[in-house]
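**Student:** here is the input, now give the coordinates:
(one chain, ligands or ions: 1)
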Amino acid sequence: MLDYYLYKNVLDLFKQGRLEDAKSVLMELQAKHIALADENSILKAQLQEYEDILYISKNLIFDGSCYWLMTGSIKQGPFCEKCYSGAGILIRLIDGKRGMRCPMCGEVHRSAEETVAAPRRAVSGSGKILPFAR
Ligand SMILES: [Zn+2]
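**Tutor:** Below you'll find the predicted structure:
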């Protein structure tokens, strides 16, 4: 917490001609200001993360097989149900020979009624990952 009385102390010290003491108090105020600015940046980042989580939770739709994210009038996805349920991350499915395949877990999603599990293997470098907590 910034100590506002220090501003008055600095002014009093300057008025008294005690410049070195005033500089010392100013340096203390500067350090406190920097610490507050850093804390503010961290809190802003946390707030943005929570807003993102809230947005996703309000706009995520499950169609029985895959998740879809509504952004305005645009429906984004599909995203892997297994990765979302297990790890809380949205992995965009990619077109495969047998249906829509998750590049992360290998799950193949054919339709809402017919979902086939493929062998588990990690594939990196493809698919979009949207991390968020649940
Ligand atoms: Zn997956």
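
**Student:** distance of the residue nearest to residue 102 when sequence neighbours are not counted from residue 100?
**Tutor:** In space, and not counting its chain neighbours, residue 102 is closest to residue 80: 3.8 Å by CB to CB, 6 or more residues apart in numbering. For the C-beta atoms, the positions are set from N, CA and C on the backbone; glycine is no exception. To residue 100, residue 80 is 9 Å away according to CB to CB, to the nearest Å.

**Student:** more neighbours: these two, which one.
**Tutor:** residue 80 (29 against 21; other CB atoms under 10 Å).

**Student:** next one: phi and psi at the more buried one?
**Tutor:** Main-chain dihedrals, residue 80, degrees, to the nearest 10: phi -70, psi 130.

**Student:** isn't it up against residue 93?
**Tutor:** Yes - Residue 80 lies in contact with residue 93 (CB atoms under 8 Å); the separation is 5.9 Å.

**Student:** common neighbours of the two, please.
**Tutor:** Common neighbours of residue 80 and residue 93, counting by CB atoms under 8 Å, 6 or more residues apart in numbering, are 66, 102, 109.

**Student:** shared neighbours of residue 80 and residue 100, anything?
**Tutor:** Counting by CB under 8 Å, 6+ apart, the contacts common to residue 80 and residue 100 are 66, 93, 109.

**Student:** right, and out of those, which lies closest to the ion?
**Tutor:** In terms of CB to the ion, no member of these lies closer to the ion than residue 93, at 7.8 Å.

**Student:** got the contact list for the nearest residue to the closest one once chain neighbours are set aside?
**Tutor:** Residue nearest to residue 93 in three dimensions, not counting chain neighbours: residue 100, with 3.9 Å by CB to CB, 6+ apart. With contact set as CB under 8 Å, 6+ apart, residue 100 has these partners: 66, 78, 93, 94, 108, 109, 110.
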